[in-house]
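*Asks:* Sequence first, predicted model second:
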Amino acid sequence: MAKAIHSMIRVLDEKRSVDFYRRAFGLTVAERLDFDGFTLVYLSNDEAVFELELTINKGQTEPYIPGNGYGHLAVCVPDVAAEHARFEAEGLNPRKLVDFKHEGATLARFFFVQDPDGYEIEVLQRAGRYR
C-alpha cells in the first residue's frame, strides 16, 4: 500500500514562502537541500509525517502560474473559527469562513487562503472525514 509523504510546489522567494507557511500552519524547515540549479526545502510540523516540499529554481525571476490544473492543499485544525481570526490578525488575508451544507447537514466548515505564490490552501474544521 502506498503512503503519501509530500506534495511539491514551486515558489519564487524561499524566505517569503517559509515565513508564510510558518506563520499560517506552524510548518518549519525539516530539511534544506541546495543543488546547482535549485533548492529543495521540506516543511513539516508535529501534527503529521506528511511534508510540503518547496522547490526554488535558481534564476527564476517571473512568478509561477498555478494554472487551471492545480486545485488546493488542505489542512484541518481543531478550531477553524479561531484559526480564521488568527490568520486575520497575522495579515494573511483569509477568505470568508464557510459552512458547507448538503441536504441541510453541514459537511464541512472551512476557509481558503492563498500563499505568496498564489497557491490555494483550504483550512477545514477537524471533524467527520477531515481528521
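*Replies:* Received, thanks. Residues are numbered from 1 along each chain as shown.
*Asks:* So for H72, what's the nearest residue that isn't a sequence neighbour?
*Replies:* E120 (3.9 Å; C-beta to C-beta, 6 or more residues apart in numbering). For every residue, glycine as well, the C-beta is placed using N, CA and C.
*Asks:* what's the one you found in contact with, if anything?
*Replies:* By C-beta atoms under 8 Å, 6 or more residues apart in numbering, the residues touching E120 are P66, Y70, G71, H72, L73, F112, V113, Q114.
*Asks:* Name whatever forms a beta bridge with the nearest residue to the third one once chain neighbours are set aside.
*Replies:* It stands for G71. Spatially, and ignoring its direct neighbours in sequence, G71 is nearest to E120 (7.3 Å; C-beta to C-beta, 6+ apart). Under DSSP bridges, the beta-bridge partners of E120 are Q114.
*Asks:* ok, so of the contacts of E120, who is nearest D36?
*Replies:* P66 (26.0 Å; C-beta to C-beta).
*Asks:* and G128, how many residues sit next to it?
*Replies:* 13 (other C-beta atoms under 10 Å).
*Asks:* From what I see, it and F110 are in contact.
*Replies:* No. With contacts defined as C-beta atoms under 8 Å, G128 does not count as touching F110, sitting 11.7 Å away.
*Asks:* re the thing from before, just the pLDDT for the residue nearest to H72.
*Replies:* E120 carries a pLDDT value of 95.
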